[in-house]
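Student: got a predicted model here, sequence first, then my questions.
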Amino acid sequence: MGERPRPRIVLNPPKHDPSATATATTPPAEAAARSRPSPFGAARPREVVLAEKGLDWRKMEGEIEHKTSRPGSLRDLICEQLALIENRRLDGSANRGVSESDNAEAPQSPEDSASALQNELRAAAQLWFSRDRKEPAPKSVQAAAAQSARHGEDDAAAAAGGKVPQLQAENLPAANEAMKRRTLEVLEELAAPRGGGNKVKEIQPEGTQKGLGRIIAPSWQDVLHSSSGLPTPSIYQVEKLRHSFYNNVQAWFAMKNQYEGGLYHHACVQQVGPKLLCRNDIKQMIMENILLDRTGGSNCSVICINAGSGHGKTSLLHALYNDKLLTDTFDKRIWIQLSDRLDMPMLFRKIVEGAMNDHCSITNLGCLQEMVKEEFSDKKFLLFLDDADIEDQQFWNTVLEVLNAGAKGSAVIMATRSSTVCTFMDMTAQFYILNPLSEENNLMLLQQYAATGTDIQSNPVLLMVAKGFISMFGTNPLNLKAIGGLLCHADNISFEMDKLEGSVMPLQLCHDVLPIHLKKCLSFCSLFPEGYIFDKHHMVLKWIAHGCVKSVEGRELEDVGIEYFNELLCRSFVQYSPIGNDKDDKFVMHELVYKVVESVARDKYYKFEDLLNSVPENILHLSLVSSQFQTVELMSKTKELNDLQTFMVVQPEWRPYKISFPTLNLASLHDFFLKFTSLETLDLSHTDTKELPGSIVGLRNLQYLSVSNTSIRSLPCELCSLSNLQTLEAKDCRFLTELPGDTKKLLKLRHLDLTRDLGHVQLPQGVGQLTDIQTLPVFHASSDPSHCSVSELGNLHNLRGCLRLSGLESVKTSSNAQEANLKDKHHLKDLTLQWHDGGINIDDEDEDEDIENVAAQVLESLQPHTNLQELAIRGYEGSVFPAWMQSSSSLPNLVSLTLDGCCNCTEFPAIAQLPSLKYLSVRKMYCVQRLITNTIVHGATKFPSLELINLWEMYGLEELFEASEGDCPRLCKVCISRCPDLKILPCVPSVKELVLHCGRELPDIPELASLMSLKIEGFHGVKSFSLPALPVLKKMEIRSCKELVSVDGLSALTTVQRLKIAGCPKLVLPTTDGSSLTI
């Protein structure tokens, strides 16, 4: 593979004064307009701009409104103006205003107008090469012109004739291929029909198609003027493309690179997980404060972090929330995102839900307060309150009084923009104000997010540019991150430092220079509430249905969409969710970024939250957000709309637990579907929908449909006529039992998700013909000929992600199992093989040797691809494991293995040599006495990557394995529950956490040099036990050992910082003076 091209950054390009090239015939107002320093400044009123060009805005506005009553009329009007501009330019009258009589000229056809629109833009770019200038052209322009001449373009002839040659894509200057592609994206977008994307639209009835709707105010003359009179550019272009086009042209003709060799860019810092940059000192101070032993005062301490938006409050809270030491110290951790609409009952309900990890429907304030006290009673909790900006002293006095019911050492950490909130806390509260970062820290931040492999501080030229950015944007870290993300992804950047004035909003600037497809993705995100936590893969599927993701030859749309998401992550437009980690796919958009995106998208994207009024006209994408159950009359709320492409019901916030209750009842769905036949995305999740009307058959463009968490009992057969449907979700529909018989007609279906906790949804025969399917989390094999058999998996070669293959007890021959062809499904990462939905079948009278043999043959035939990372086998009826589980070459990438309910197996599979195995969980293997036998290769390291062992309900287990020196070098945690015959634990020095739960006798605990946490619980018959030397033990917990009287060696554990003993009424502890203390 060749070396990656090195992007280049250009420093201090020569200034170019547009007004200096204006001719004597240029109107003064227009010359003044050309002298504006940057199009990123405030846009002038469109009335002024149009008046300068001889146009009457009010008359034009009335004409536009009149002509939008017919499909495509506004586009024709725009093209009429473009035709007039082109005619005046060819006649040598480019500086003459548009008169009223000009409008009498015949309009172009839609096909010709689209071509004219592209040619107008291409001609503007070509003017850089075809006109003489009164001042020398920048060197980069001269170089580009020379290169353009080498491509055979006749600039001299164009200048002499006054006619600008049309540029074709292949003839555009090739100085920067990436910027060429971005410019052509703009040209294609401007010429594309409304609705965008590469989808074929059906012809809409008259009166249903809306026009582009917005008028651009500033012109492109800031960069595309000429000495001989630039033709007046089209004023009817989509405003959201103005900044992007300007930057594309400016970057296209960037100055010659002054930094020899360019800058090499490595992987974005955001791609490898959230990190706390430059605030570690404050984090350490806060942690010391939290962990400080307090003898008096309140049980609950308060820590207040105060700073403005974008200064790192949430990032700091995020780092504290996920800190391993704090996680081990506190019994409960709860994160709550506050909002302006949050009242006291809502806050306490959120606290209860966080403590129970379940939904709470109680609304009475008194009851909620008592529930909080009960949940926190005798528990040491850590509560994080982000955006705690409620300036009400009585509110906070009441909240903190209730929270004081927790155990001593509990803490509340709150982040707020309001200094007033800090004054409401009592004198014991600790305050931390996040001041602006130092120049050194800002340089480090820019280094990280710009992802340059070159050390900024070691290069004087690069350091000068970095300090320029810091002087403009360094007061707010979020702005600097966004600028760093821009630098990271721009292939060739030309920033005129004097044009980036202090009034320029960097987030807006970074948004404006995004490629069109990324802008569309962000605009779609505005349909979700501010602060909403969303799943990456789920969002990408909606982007695809929305037409944001462009097809790339040889690549799947989903992979391209993930690439889009990762770029937005690297550019700091999205960030990791505070309550997640780098292994989760949960993300959120910062409030400042959200406001920028929402302001740009609001003309076409509407988030309907109050549900009181009707939806404004011209909206194409609509979401309903409701926190309480109510009925919505869809037809009355959307009476102003003639067209709709997206309709979604969105929860007001993401919850880590499943919600079983509906939030909305949607009335008039039948008429709604009849009216809005252009729908592409339809999400009815969490509504009180019991059935879909047959009028859904008219939604021919529908690509995404979700009815998850509804009471729907069946899907209509008309659904199978939706030939463009790509995603069908019906998760957690507890009454849904099967799909329509003609589901096999949905030939474009790529994602079918029927996940539920209990039971399954029967798949009809023929689903195996849907060969484009990539996501199929659940597949239930059936012996019923009208339903899917396991062999239908054979043709689904594109399956990826996870697959739970259940109903394997119905598979009677190994040949049927082999036809599933799991071995060739190289995109599968997570596989569950399940016999019996209940998990286990322990009917010894019915179990015979034939059943065991058939199960063993079936499992042998279901060998997965070597790329598999997670494997779970549940309810297995065989007595032996297959050969492919005994070979490290068959599962070289396996990270997690779960064996659950394999009751007939007497021996554990030989997995000790699996090179990548990190997590091992085993449950209900009653006959296994030893996990690993001594038959492995002599001298080979056992479990070279294993980090966690989790064993429970292993009633015959006597020993895990014998550990030699060097075995299990990464093992950190061992959890053992209900293994009553276990007597010996392996001595693995790397173990840091040991949990022993429920047994007759406590196994001997070896000397574990790295053990930091020990928990012993539920050994009711044990009267005493001895502890070995544990030199670094910091946390110890002994619970529910009713007969326990003494613990030898406890007094020698001098490093223990937290000792918790409960439910041990007979235990007597030694004291420092030699006496005894009864618990």
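Tutor: Now that the structure is in, tell me what you want to look at.
Student: hey, let's count contacts and neighbours off CA atoms from now on
Tutor: Will do.
Student: so where is the stretch 251-400 of the chain shaky, pLDDT-wise?
Tutor: Where the stretch 251-400 of the chain drops to pLDDT under 70, the residues are 251-277, 295-296.
Student: let me see the ranges of the helices in it.
Tutor: 280-290, 313-321, 324-329, 344-356, 365-376, 393-403 (DSSP state H, counting those that start in this stretch).
Student: and those helices: which comes nearest Asn441?
Tutor: Nearest of these to Asn441, taken as C-alpha to C-alpha: helix 280-290 at 11.3 Å.
Student: for the closest one, which residues meet the burial criterion?
Tutor: 283, 286, 289-290 (16 or more other C-alpha atoms under 10 Å).
Student: out of these, which one sits closest to Leu462?
Tutor: Lys283 (30.7 Å).
Student: so how far is Leu317 from that closest one?
Tutor: Distance of Lys283 to Leu317, given as C-alpha to C-alpha, to the nearest Å: 9 Å.
Student: same thing with Glu691?
Tutor: Computed as C-alpha to C-alpha, the Glu691 to Leu317 distance reads 44 Å.
Student: between those two, which one's more packed in?
Tutor: Neighbour totals were compared for Glu691 and Leu317, and Leu317 leads with 23 against 15 (other C-alpha atoms under 10 Å).
Student: so that one sits right up against Asp387, yeah?
Tutor: No. Contact criterion C-alpha atoms under 8 Å: Leu317 and Asp387 do not qualify, at 10.9 Å.
Student: show me the common contact partners of these two, please.
Tutor: Among the neighbours of Leu317, those also in contact with Asp387 (C-alpha atoms under 8 Å, 6 or more residues apart in numbering) are Ala415.
Student: circling back: can you redo the buried residues of helix 280-290 as JSON lines with distance to Glu558?
Tutor: Below are the buried residues of helix 280-290 laid out as JSON lines (distance: C-alpha to C-alpha, whole Å):
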{"residue": "Lys283", "distance to Glu558": "38"}
{"residue": "Ile286", "distance to Glu558": "42"}
{"residue": "Asn289", "distance to Glu558": "46"}
{"residue": "Ile290", "distance to Glu558": "44"}
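Student: closest to Leu828 out of the residues you listed?
Tutor: Looking at the buried residues of helix 280-290 and their distance to Leu828, the nearest is Lys283, at 40.0 Å (C-alpha to C-alpha).
Student: please name the residues that touch Phe673.
Tutor: For Phe673, the contact set (C-alpha under 8 Å, 6+ apart) comprises 695-696, 698-699.
Student: can you rerun that using 6 Å?
Tutor: For Phe673, the contact set (C-alpha atoms under 6 Å, 6 or more residues apart in numbering) comprises 695-696.
Student: confirm it sits in a strand?
Tutor: No. The assignment for Phe673, made by DSSP: H, G, I helix; E, B strand; the rest coil, is helix rather than a strand.
Student: do you know how far it is from Glu617?
Tutor: 18 Å.
Student: ok, Leu437 - how many residues close by?
Tutor: Neighbours of Leu437 using other C-alpha under 10 Å come to 17.
Student: look at it and report its pLDDT.
Tutor: Predicted confidence (pLDDT) at Leu437: the value is 83.
Student: wait, which of the buried residues of helix 280-290 is closest to Glu729?
Tutor: Lys283 (42.0 Å).
Student: what strand or helix carries Leu622?
Tutor: Element membership for Leu622 (DSSP states H and E) is strand 621-625.
Student: what does Ala963 give?
Tutor: Ala963 belongs to no helix or strand when assigned by DSSP H and E.
Student: so which strand or helix has the residue lying closest to it once chain neighbours are set aside?
Tutor: Spatial nearest neighbour of Ala963, excluding adjacent residues (C-alpha to C-alpha, 6 or more residues apart in numbering): Pro986 at 5.6 Å. In the assignment (DSSP H and E), Pro986 maps to no helix and no strand.
Student: give the burial count for Pro986, as a bare number.
Tutor: For Pro986, the neighbour count with other C-alpha under 10 Å is 17.
Student: and it, how far from Leu994?
Tutor: From Pro986 to Leu994 the distance is 12 Å (C-alpha to C-alpha).
Student: and Gln630, by the same measure?
Tutor: Taking C-alpha to C-alpha, one finds Gln630 at 50 Å from Leu994.
Student: just name the most buried of the helices of the stretch 251-400 of the chain.
Tutor: Counting by mean count of other C-alpha atoms under 10 Å, helix 313-321 has the highest mean neighbour count of those, with a mean of 22.
Student: contacts for that helix?
Tutor: Applying C-alpha under 6 Å, 6+ apart, the set of residues contacting helix 313-321 from outside is Pro578.
Student: then stretch 1043-1051?
Tutor: Residues outside stretch 1043-1051 that contact it (C-alpha under 6 Å, 6+ apart) are 1021-1027, 1066-1068.
Student: ok, how many other residues are close to the nearest residue to Ser1026 once chain neighbours are set aside?
Tutor: In this structure, Ser1026 finds its nearest non-sequential neighbour in Asp1048, 4.5 Å apart by C-alpha to C-alpha, 6+ apart. By other C-alpha under 10 Å, the residues close to Asp1048 number 13.
Student: next, Asp1048: phi, psi?
Tutor: The phi/psi pair for Asp1048 (degrees, to the nearest 10) reads phi -70, psi 140.
Student: per-residue pLDDT of it, please?
Tutor: pLDDT for Asp1048: 91.
Student: surely Phe587 and Tyr532 touch.
Tutor: No. Judged on C-alpha atoms under 6 Å, Phe587 makes no contact with Tyr532 at a distance of 8.4 Å.
Student: let me have the helices of the stretch 251-400 of the chain in a markdown table, extended by distance to Val790.
Tutor: Output for the helices of the stretch 251-400 of the chain, formatted as a markdown table (distance: least, C-alpha to C-alpha, whole Å):
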| stretch | distance to Val790 |
| --- | --- |
| helix 280-290 | 54 |
| helix 313-321 | 44 |
| helix 324-329 | 44 |
| helix 344-356 | 39 |
| helix 365-376 | 47 |
| helix 393-403 | 54 |
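Student: nearest to Gly759, out of those helices?
Tutor: Among those, the nearest to Gly759 by C-alpha to C-alpha is helix 344-356 (25.2 Å).
Student: helices or strands up against that closest one?
Tutor: Helices and strands touching helix 344-356, by 3 or more C-alpha pairs under 6 Å, 6 or more residues apart in numbering; DSSP states H and E, are helix 365-376.
Student: need the contact partners of the helix it packs on.
Tutor: For helix 365-376, using C-alpha under 6 Å, 6+ apart, the contacting residues are 345, 348, 352, 405-406.
Student: hang on, Leu446 in a helix?
Tutor: Yes. Counting by three-state DSSP, Leu446 falls inside a helix.
Student: what is the burial count for Asn364?
Tutor: Using other C-alpha under 10 Å, Asn364 has 12 neighbouring residues.
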